[in-house]
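K.L.:
Predicted model follows, preceded by the sequence.
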Amino acid sequence: MVWTWDVIRRIIEILWLINIGFAIWTVFRSRRDIASTWAWLLVLTVFPFVGFVAYLILGRQLSHDDIFTLRKEEAQVRDKFLKKQHHLINKHELLPKGARHTKDRMMVNAFLNNGEAPITFNNQVDLFADGYVKFSHLIDDINHAQKMVNLEYYTFYADDLGHRILHALEGAAHRGVKVRVLYDTSGSRGTRPQFFEHLRELGGEAQPFISAPKHWFMTPRMNYHLHRKLVIIDHQLGYIGGFNIGNQYLGLSPKFGYWRDSHIRVHGQAAQMMELRFAMDWNTSCRRSRLPRFDLSPYLQQFTIQRPTDEEIKAQDLVSMQIVSSGPDNQRFAIRRGYENLISRATKYVYIQTPYLIPEPSVLEALTIAAHSGVDVRVMIPSMPDHPFVYRATEYYAKYLVNNGVKVYKYDNGFIHAKTMVADGTLSSVGSANMDYRSFSLNFEVNAFMYNQDIAEKLREAFENDLTKSTRLTPEYFDQQTKWRKFKQYFSRLLSPIL
């Protein structure tokens with residue numbers, strides 16, 4: 001064969017057509033939302049070889065076995081536990097009456113029916129905005145644990161802070177405390193199983209979450225992360241929020257500087273809801289590690305929600321709370337719909353902090369409608385990227401919101417990683433879910449949605465304090481950006497469903 005330019009061009013055309021055919025077959029054979037489908041189709045057709053490699057690593061969905069195991073665990077709780085909660089909540093008026101609390105009751109019902117999240121009372125909450133304070137309390141609580149410590153993190157680095165946490169866990173195990181650690185292998189890059197070897201020798205247990213493939217070279221799948229951050233101690237004390245375990249979360253990273261995050265410490269019945277979430281995550285991962293399963297029977301048989309007394313309802317330091325989780329194993333999108341609900345019910349203000357602003361259309365519309373309706377909508381994002389494509393997409397949506405009446409600020413005092421929302425002085429959320437496609441559809445997330453004036457006021461004050469270290473973005477700010485930067489923003493926006 002004579003390799004003329006016409007022959008080479010014909011071969012390239014044939015290979016291109018074959019690539020397009022494989023791209024269509026690969027993407028459409030998996031059930032996913034239309035935005036993700038077209039985003040992956042764009043990647044696979046524009047970048048023929050590189051795109052398929054990226055898809056193998058990032059685009060493959062959880063196996064049917066994994067999803068079945070996850071749903072089986074949740075069905076056990078739903079069938080034996082949540083039916084009882086539905087009955088109790090329908091039988092008693094568990095929230096104060098009055099027009100002021102109508103929004104609260106509607107939110108509670110929405111989460112109960114869609115997110116299958118019972119409401120709990122009698123919770124005392126401490127809010128942390130600084131890593132040193134949060135981890136100091138956490139280590140002290142682990143050191144005083146008497147029965148059990150269940151710890152679940154997206155990131156558990158084997159650095160100085162990681163060793164401090166591990167040392168506290170080892171001390172607890174040495175005292176006879178039951179210790180379990182669940183972590184995400186992708187988020188904990190560099191942390192080997194041997195890191196937990198001494199903890200295991202002392203009787204503790206540690207394992208990666210089920211989304212970690214058995215053999216990465218056979219089934220590469222990096223797109224589904226255990227993004228939850230939970231600690232439960234002695235069944236009554238829980239931690240939930242945005243901080244991971246690593247030196248950078250203490251502000252020790254030269255790249256990011258000061259690390260601004262939000263976490264809460266909960267003493268009360270909500271900790272048992274966190275423990276149920278941990279138990280289901282632990283048990284779904286035991287199929288691979290063959291570690292002992294978490295016994296759910298005490299919770300399923302004994303746990304009840306008691307109607308609060310009038311004194312408890314009036315107590316400002318007692319927080320009503322629902323622990324809401326979501327993930328790629330179901331299509332309920334409980335956290336995303338909770339965000340939409342909270343935004344759409346606001347009449348005065350909505351303050352949001354998120355490191356990634358890549359909202360789905362429904363959330364984007366809720367924010368726009370609220371702003372056009374006269375609600376004071378404010379969103380705070382970082383002033384620097386930790387993922388280039390993600391940050392350029394964040395800038396694109398920030399510009400869109402600014403042009404539609406939303407006040408957007410960039411935090412200048414380091415990196416803001418908080419995932420918080422507060423509205424109208426009563427409704428608030430703190431957890432692991434960012435305002436992006438990944439948190440809404442791809443990651444396993446958990447948030448605490450709270451109904452309390454005191455905690456809402458503290459979150460509002462924290463936001464307003466951060467405003468003094470922030471710069472408001474204006475249309476002029478975006479107009480002055482270079483054409484190349486604007487192109488990166490538009491291109492990143494096309495990829496936003498899979499970032």
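P.N.:
Nice, I can see it. Numbering: from 1, shown residues only.
K.L.:
Give me the below-cutoff pLDDT ranges for this structure.
P.N.:
For the chain, the stretches flagged by pLDDT under 70 are 1-3, 5-9, 11-103, 115, 211-223, 299-316, 497-499.
K.L.:
The residue nearest to residue 239 when sequence neighbours are not counted pairs with what?
P.N.:
Using CB to CB, 6 or more residues apart in numbering and skipping the chain neighbours, the partner closest in space to residue 239 is residue 231 (4.0 Å). C-beta here means a position set from N, CA and C on the backbone, and glycine is covered the same way. Applying DSSP bridges to residue 231 gives these bridge partners: residue 151, residue 239.
K.L.:
residues in contact with residue 231?
P.N.:
138, 149, 150, 151, 152, 238, 239 (CB atoms under 8 Å, 6 or more residues apart in numbering).
K.L.:
Any chance of those in TSV with distance to residue 350 as columns?
P.N.:
Output for the contacts of residue 231, formatted as TSV (distance: CB to CB, whole Å):
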residue	distance to residue 350
138	30
149	36
150	33
151	32
152	29
238	26
239	25
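K.L.:
Just put those residues in a markdown table and tack on neighbour count.
P.N.:
Formatted as a markdown table, the contacts of residue 231 follow (neighbours: other CB atoms under 10 Å):
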| residue | neighbour count |
| --- | --- |
| 138 | 23 |
| 149 | 23 |
| 150 | 24 |
| 151 | 24 |
| 152 | 26 |
| 238 | 29 |
| 239 | 25 |
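K.L.:
of these, closest to residue 292?
P.N.:
Of all the contacts of residue 231, residue 292 sits closest to residue 150, with 13.1 Å by CB to CB.
K.L.:
Flag every buried residue along stretch 284-299.
P.N.:
284, 285, 286, 288, 291, 294, 296, 299 (16 or more other CB atoms under 10 Å).
K.L.:
Which pair of these spans the longest distance?
P.N.:
288 and 299 (23.7 Å).
K.L.:
Nearest spatial neighbour of residue 176, chain-adjacent residues omitted?
P.N.:
Per CB to CB, 6+ apart, closest to residue 176 is residue 203, 7.8 Å.
K.L.:
residues touching the one you found, list them.
P.N.:
Residue 203 neighbours (CB under 8 Å, 6+ apart): 173, 176, 178, 179.
K.L.:
what does residue 447 give?
P.N.:
240, 323, 324, 325, 335, 338, 419, 429, 430, 431, 432, 433.
K.L.:
repeat for residue 172
P.N.:
Going by CB under 8 Å, 6+ apart, residue 172 touches 142, 143, 145, 149, 179, 204.
K.L.:
Looks like residue 454 contacts residue 318 (just checking).
P.N.:
No. The pair residue 454 / residue 318 is not scored as a contact, 9.1 Å apart, by CB atoms under 8 Å.
K.L.:
Who has more neighbours out of the two?
P.N.:
Just comparing residue 454 and residue 318: by other CB atoms under 10 Å the higher neighbour count belongs to residue 318, 19 against 16.
K.L.:
My reading is that residue 462 is in a helix; is that accurate?
P.N.:
Yes. Membership of residue 462 in a helix is supported by DSSP: H, G, I helix; E, B strand; the rest coil.
K.L.:
Show me the domain layout of the chain.
P.N.:
For the chain, the domain assignment from automatic domain parsing gives the residue ranges 5-59, 64-105+118-319, 322-498.
K.L.:
hmm, back to that, mark which of the contacts of residue 172 are part of helices, please.
P.N.:
142, 143 (DSSP state H).
K.L.:
neighbour-wise, which of the contacts of residue 172 leads?
P.N.:
Going by other CB under 10 Å, residue 179 tops those with 26 neighbours.
K.L.:
Now do the same contact list for that residue.
P.N.:
Residue 179 neighbours (CB under 8 Å, 6+ apart): 148, 149, 151, 169, 172, 173, 199, 203, 204, 205.
K.L.:
what do you get if the cut-off is 7 Å, keeping everything else the same?
P.N.:
For residue 179, the contacting residues are 149, 169, 172, 173, 199, 204, 205, by CB atoms under 7 Å, 6 or more residues apart in numbering.
K.L.:
Format the residues you listed as a markdown table; extra columns: distance to residue 125.
P.N.:
Listed next are the contacts of residue 179 as a markdown table, based on distance: CB to CB, whole Å:
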| residue | distance to residue 125 |
| --- | --- |
| 149 | 20 |
| 169 | 24 |
| 172 | 24 |
| 173 | 28 |
| 199 | 29 |
| 204 | 28 |
| 205 | 29 |
